[in-house]
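J.: got a sequence here, can you build the structure:
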Amino acid sequence: MSRAHAESVIKKIIREIVHECAVKGNVVSDTLAAFMVKAVVLDPRNGFNVERTLTKQDVQKLEELCVDKLMETCSPSLDTIKMQVYFDMNYTSRREFLEEIHQIVESRLSTVSREITDSRVKTREELDTLYRKIITYILLRSGMGSPTDVTTVREATAALQSVFPQTELGVFMVLVKRDKEQQLKDLTMLVTGIRLFNKASKNGQEETDLQDLIPTFFEEALPVITETIEHELSISQSLAWKYTAVLEKPADPDSHRGESEVPIALLKQSLYNVRQHEVFLKMLQTDACLCAKNVEILKTELSAQLKQLKETVQSRKAVPTGKVFPLFKATSKVWSGLQDEAELLKILNNIRFNLQFHLVSQAKIFSEAYLDILLNESEVKSDEQRMTESSVERIVPAEMKTQEWLLPETTAAFNDLPLQYNGICGYTLVRSDGLLLPGNPHIGVLKHKDKLYVFSSKKAALEFSSSPDNYISEVAEKAKLSPELIQLLKLHQHFSSDSPYAEMQPGESLLVKPITKCDSGTQTDIHPVETNINKSYEWNEWELRRKALKLVDLMTKVTSSAQTDLSHMRRENVTQTWLPKDAASQSKRDSESNVPKPQVYLAGLRGQRDGHMVKTNLTRSVDE
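T.: Model (predicted):
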């Protein structure tokens with residue numbers, strides 16, 4: 001079976017799962033359904049095996065299991081998977097976020113821009129309408145006021161007339177579409193810079209006050225967003241510490257509570273849920289802090305630009321455009337940067353808000369009061385406390401010559417090392433049956449097969465380093481039982497080669513063959529053969545003739561002749577010939593002949609029993 005057919009079958013399975021969930025009243029995205037398919041296949045308890053093709057019976061079983069998983073009403077595990085899918089679908093790098101923001105702005109302005117660049121004005125009224133559209137475009141792109149505000153429109157009109165009077169529309173109309181679009185962007189930057197300068201100059205103070213220029217969003221919303229992220233992060237961390245303490249308690253020999261009294265599986269799922277929320281919030285917090293830092297830098301730069309503009313313009317009646325226009329554009333560019341930061345903060349805040357909906361199940365199952373009862377006055381240790389306690393004992397590389405260890409004193413950029421399992425101790429995960437404890441890099445970082453591992457204690461580090469491959473495979477098995485750990489521990493690379501297929505039983509028909517994927521690349525030379533470009537080559541014979549005449553320069557030369565033995569008594573002969581002319585002969589001629597059309601009239605055919613028939617020939621000659 002071809003690869004395209006196999007992929008179409010998998011897509012059909014996903015569509016069936018989505019349809020079944022929709023019929024039961026639960027809207028599921030294709031991405032979530034695809035993730036659930038992989039999670040169900042990887043779980044060894046479901047009886048699938050990645051070594052053989054998927055049968056029709058397997059497909060039916062797979063669809064039923066996926067639908068049942070997706071229809072669970074109160075499942076922290078499902079909430080974690082939904083949270084991971086949502087974050088992957090909506091979060092990206094800062095550069096891609098800014099590109100998306102710019103694309104949205106361009107799409108919103110495309111209609112107005114098209115009306116301006118495609119317009120063909122003929123009357124005075126149409127010119128006025130076009131000029132107003134340009135003002136609207138400038139206001140929408142700059143973000144300084146609404147086109148429906150009379151005062152804003154008046155300020156923008158005055159600024160535009162100072163750099164682009166209405167009489168210049170004739171020159172604007174003869175430009176090509178691309179040049180028109182570029183000029184609109186340049187006019188927006190100039191008008192925005194002029195308006196910012198005018199607002200800053202109203203106070204008449206030497207030092208520019210940015211309070212009236214900077215949007216209120218940065219003064220009001222920015223602190224709220226950063227504080228909200230920090231508050232929610234502290235709540236998730238506190239819950240993670242409590243869940244960890246509860247899960248550690250059954251192993252305590254002084255504990256008189258039986259393990260059967262506590263839903264251990266749900267506790268682990270809830271721990272994974274809050275830990276994943278913590279990871280995502282830390283990423284959002286890092287981006288929000290970077291935005292806040294960039295805002296302060298842009299504020300300082302805006303103040304410096306406005307100050308330079310004041311010094312350049314001062315009280316002069318006329319300033320060269322070549323000197324002041326670049327300053328206006330630089331000021332507008334800083335303003336656009338502030339707008340980008342504001343939009344990026346709104347996107348981050350929206351993601352933070354939507355993540356809260358994926359914490360409902362664990363909050364409903366384990367309330368704060370119930371967790372306190374389970375703790376029973378047990379000590380709840382924070383991650384910082386665990387780090388401090390475990391930093392006392394450290395690995396001595398001289399004693400562990402069979403393995404390579406990295407320490408802070410001997411490793412550059414130690415805090416930025418790409419740690420496996422997202423910084424979680426793999427030994428604790430295996431030995432404590434799924435418990436997540438953050439590793440402490442200061443104990444020592446194990447380097448095994450170009451991958452770095454951290455541990456929660458020296459004992460865990462020594463045990464893991466004794467047989468690292470076994471522990472790595474056991475961590476993968478734990479992730480198969482809890483698919484949310486694949487994203488949380490960043491195990492995508494480990495499971496990228498697995499595909500959903502199982503051993504065929506007698507009587508089962510094959511449906512899908514395994515699909516093997518790999519990343520590959522090839523590199524080719526841009527010019528395999530060295531180029532041989534003759535820059536003096538000329539194909540036009542008239543140009544060659546012109547160059548030859550220029551090279552000879554006969555106007556400044558004197559010509560002379562001399563007779564030699566070879567040329568004695570000889571002269572040049574010229575013969576004039578005529579080329580053969582085109583001639584044709586006709587050997588036959590196409591003609592046609594016409595024959596008379598016979599017309600015969602028969603009389604006496606009807607009405608007489610014994611009558612005689614009379615035949616009359618009415619055929620006429622062709623010449624008549």
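J.: compute the number of surrounding residues for residue 154.
T.: By the measure other C-beta atoms under 10 Å, the count of residues near residue 154 is 11. For the C-beta atoms, the positions are set from N, CA and C on the backbone; glycine is no exception.
J.: same question for whatever helix or strand it lives in, mean pLDDT?
T.: Mapping residue 154 onto the secondary structure by DSSP states H and E places it in helix 150-163. Rounded to a whole number, the mean pLDDT of helix 150-163 is 90.
J.: kindly report the same for stretch 112-122.
T.: Here the mean pLDDT over stretch 112-122 is 87, rounded to a whole number.
J.: which parts of that stretch are buried?
T.: 112, 113, 116, 117 (16 or more other C-beta atoms under 10 Å).
J.: what comes into contact with it?
T.: Contacts made with stretch 112-122 from outside it, assessed by C-beta atoms under 8 Å, 6 or more residues apart in numbering, are listed as 126-127, 129-130, 133-134, 136-137, 140, 169, 173, 177, 180-181, 184.
J.: closest to residue 493 out of the buried residues of stretch 112-122?
T.: Using C-beta to C-beta, residue 113 is the member of the buried residues of stretch 112-122 that lies nearest residue 493, at 44.5 Å.
J.: avg pLDDT for stretch 435-446?
T.: Over the span of stretch 435-446, the pLDDT mean works out to 90.
J.: return the helix or strand in this protein with minimum mean pLDDT.
T.: Comparing every helix and strand of the chain by mean pLDDT, DSSP states H and E singles out strand 510-512 as the least confident one, with a mean of 38.
J.: just how off-centre is the helix or strand following it within its chain?
T.: Past strand 510-512, heading to the C-terminal end, the next element that is a helix or strand (DSSP H and E) is helix 541-552. Relative to the centre of its chain, helix 541-552 is centred 57 Å away, using C-alpha atoms, centre = their mean, to the nearest Å.
J.: what helices or strands is helix 541-552 leaning on?
T.: Using 3 or more C-beta pairs under 8 Å, 6 or more residues apart in numbering; DSSP states H and E as the contact criterion, no helix or strand is in contact with helix 541-552.
J.: which residues are in contact with that helix?
T.: Residues outside helix 541-552 that contact it (C-beta under 8 Å, 6+ apart) are residue 538.
J.: what average pLDDT does the following helix or strand past it get?
T.: As assigned by DSSP H and E, the chain's next helix or strand after helix 541-552 is strand 600-603. The average of the pLDDT scores along strand 600-603 is 86.
J.: tell me which stretches of the stretch 101-250 of the chain form helices.
T.: Listed from the start of the chain, the stretch 101-250 of the chain has helices (DSSP state H, counting those that start in this stretch) covering 124-142, 150-163, 169-173, 177-201, 216-248.
J.: same question, the stretch 351-500 of the chain
T.: In order along the chain, the stretch 351-500 of the chain carries the following helices (DSSP H, counting those that start in this stretch): 360-365, 368-375, 383-390, 426-431, 458-466, 468-481, 484-488, 492-495.
J.: buried sites along the second one?
T.: The reference is to helix 368-375. 371, 374.
J.: now swap in the longest one and tell me
T.: Neighbour-count burial for helix 468-481, counted by 16+ other C-beta under 10 Å, picks out 468, 471, 472, 474, 475, 476, 478, 479, 480.
J.: likewise the last one?
T.: Of all the residues in helix 492-495, those buried under the rule 16+ other C-beta under 10 Å are 494, 495.
J.: how about that helix as PDB, C-alpha atoms only?
T.: Taking only C-alpha atoms (Å, rounded to 0.1, in the frame of the first residue of the first chain), the coordinates of helix 492-495 have been written out as PDB:
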ATOM      1  CA  HIS A 492       9.000  13.700  21.200                       C
ATOM      2  CA  GLN A 493      12.300  12.600  19.700                       C
ATOM      3  CA  HIS A 494      12.100   9.300  21.500                       C
ATOM      4  CA  PHE A 495       8.700   8.400  20.200                       C
END
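J.: any weak-confidence spans in the stretch 451-600 of the chain?
T.: 496-519, 525-530, 559, 561, 563, 565-574 (pLDDT under 70).
J.: one more time with 80
T.: Across the stretch 451-600 of the chain, the ranges flagged by pLDDT under 80 are 493-533, 553-576, 583-593.
J.: mind checking what secondary structure the spatially most central residue of the chain has?
T.: Using C-alpha atoms, centre = their mean, the residue of the chain that lies closest to the mean C-alpha position is residue 96, 5.8 Å off. With DSSP: H, G, I helix; E, B strand; the rest coil as the basis, the three-state label of residue 96 is helix.
J.: which ones are touching it?
T.: For residue 96, counting by C-beta under 8 Å, 6+ apart, there are no contacting residues.
J.: do the same with residue 31
T.: If you count contacts by C-beta under 8 Å, 6+ apart, then residue 31 has 85, 88, 89 around it.
J.: how about it, secondary structure?
T.: helix.
J.: show me what whichever strand or helix holds residue 275 is packed against.
T.: Residue 275 belongs to helix 264-313 when elements are defined using DSSP H and E. Where contact means 3+ C-beta pairs under 8 Å, 6+ apart, helix 264-313 is packed against helix 76-90, helix 177-201, helix 216-248, helix 321-355, helix 360-365, helix 484-488.
J.: many thanks, have a good one.
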